[in-house]
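Novice: Predicted model and sequence below, questions to follow.
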Amino acid sequence: MLDKVSSHYTESVPVITIDGTSSAGKGVISRLLAEEMGWHFLDSGAIYRVLALIVIRKKIPQDNVPLIVAAGTGLDIQFVTEQGRSQQVILSGEDVTAAIRQEECGNVASRISRFPEIRSMLIAKQHSFRRPPGLVADGRDMGTVIFPKAKLKFFLTASTEERARRRLLQLQDQGINATLDTILKDLTDRDERDRNRTLSPLKPDPDAVIIDTTKLSIDEVLQQTLAHVKNMHF
Ligand code: DC
């Protein structure tokens with residue numbers, strides 16, 4: 001009974017989902033849209049990345065599902081947003097914001113996320129972000145699996161070359177050395193894995209609004225998403 005009441009309560013909280021390929025602009029657009037609307041923000045990729053960081057640090061083999069599930073059960077992750085600063089990711093009290101953005105973490109996250117047991121373990125955590133007045137959820141399967149009844153769904157794409165260029169700039173900003181060729185290869189491999197896994201593959205929901213961000217500025221993409229939001233009655 002209690003479960004029914006609480007799930008009914010949460011289901012009345014509106015959700016906008018933003019899925020898409022790596023470096024297509026999902027992260028920044030989701031954050032800006034959440035800010036604009038005064039809603040909560042879920043960076044689901046960060047949850048997979050935190051689990052990947054634990055796997056790397058504990059040297060757990062990347063296909064040892066029971067050990068990964070054990071390491072991730074009861075994961076103590078917090079997302080902290082202070083005024084004017086981007087979101088910080090805290091794992092058991094430690095700020096891991098920079099550590100989880102390393103390429104290695106993204107690649108390991110993509111590898112371990114193909115296992116159904118690992119995806120199931122993280123569902124409740126992702127649902128817990130759905131709180132009033134609303135949620136903007138960023139990921140690969142937000143609109144297809146995690147919040148299938150979301151009223152508004154977006155799917156962002158961009159050419160691989162443009163995404164690699166953006167990723168290179170991001171890494172250079174963080175003082176990390178990388179070449180366009182390695183990034184291109186990483187992105188292509190990651191997309192391939194994310195698209196071809198059996199469970200929750202990366203694909204647009206049939207209801208999703210698809211936006212190709214290749215030639216658009218961040219503000220232009222934001223304005224397009226806001227134009228759709230204005231037509232909705234949440
Ligand atoms: O969005 P990101 O690059 O931070 O995500 C890192 C990896 O995590 C991505 O390559 C696949 C996985 N992921 C996923 O499987 N499902 C999600 N909802 C989000 C991320």
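Specialist: Right, received. Where do you want to start?
Novice: OK, contacts around Phe79?
Specialist: Shown in contact with Phe79 (CB atoms under 8 Å, 6 or more residues apart in numbering): Phe41, Asp43, Ala46, Gln87, Gln88, Val89, Ile90. Where you see a C-beta, it was placed from the backbone N, CA and C, and this is true even at glycine.
Novice: Tell me which helix or strand comes right after the helix or strand it falls within.
Specialist: Counting by DSSP states H and E, the element that carries Phe79 is strand 77-80. Per DSSP H and E, the first helix or strand lying C-terminal to strand 77-80 is strand 88-91.
Novice: May I have the strands that pair with that following strand, each with its orientation?
Specialist: Sheet pairing for strand 88-91, assigned by DSSP bridges, gives strand 77-80 (antiparallel), strand 94-95 (antiparallel).
Novice: where does the chain come near the ligand, residue by residue?
Specialist: 22, 44-45, 48-49, 106, 109-110, 113, 139-141, 190, 194 (CB under 6 Å from any ligand atom).
Novice: Turn these into a markdown table, including distance to Thr81.
Specialist: As requested, the residues of the chain next to the ligand are exported to a markdown table (distance: CB to CB, whole Å):
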| residue | distance to Thr81 |
| --- | --- |
| Ser22 | 22 |
| Ser44 | 16 |
| Gly45 | 16 |
| Tyr48 | 19 |
| Arg49 | 17 |
| Gly106 | 21 |
| Ala109 | 21 |
| Ser110 | 25 |
| Ser113 | 24 |
| Gly139 | 18 |
| Arg140 | 22 |
| Asp141 | 23 |
| Arg190 | 26 |
| Asp194 | 26 |
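Novice: Now for those residues: which two are most distant?
Specialist: Gly106 and Asp141 (16.4 Å; CB to CB).
Novice: Comparing these two, which shows the higher neighbour count?
Specialist: Asp141 (24 against 21; other CB atoms under 10 Å).
Novice: Leaving out the residues flanking it, which one is nearest to the more buried one?
Specialist: Ser200 (3.9 Å; CB to CB, 6 or more residues apart in numbering).
Novice: for Ile100, same thing?
Specialist: Of all residues not flanking Ile100 in the chain, Arg49 sits nearest, at 3.9 Å (CB to CB, 6+ apart).
Novice: ok, that neighbour touching Arg111?
Specialist: No. Counting by CB atoms under 8 Å, Arg49 stays clear of Arg111, with 11.9 Å between them.
Novice: Return the list of helices and strands in contact with the longest helix along the chain.
Specialist: The longest helix of the chain (DSSP state H) is helix 180-196. When contacts are defined as 3 or more CB pairs under 8 Å, 6 or more residues apart in numbering; DSSP states H and E, helix 180-196 sits against helix 103-112, helix 160-173.
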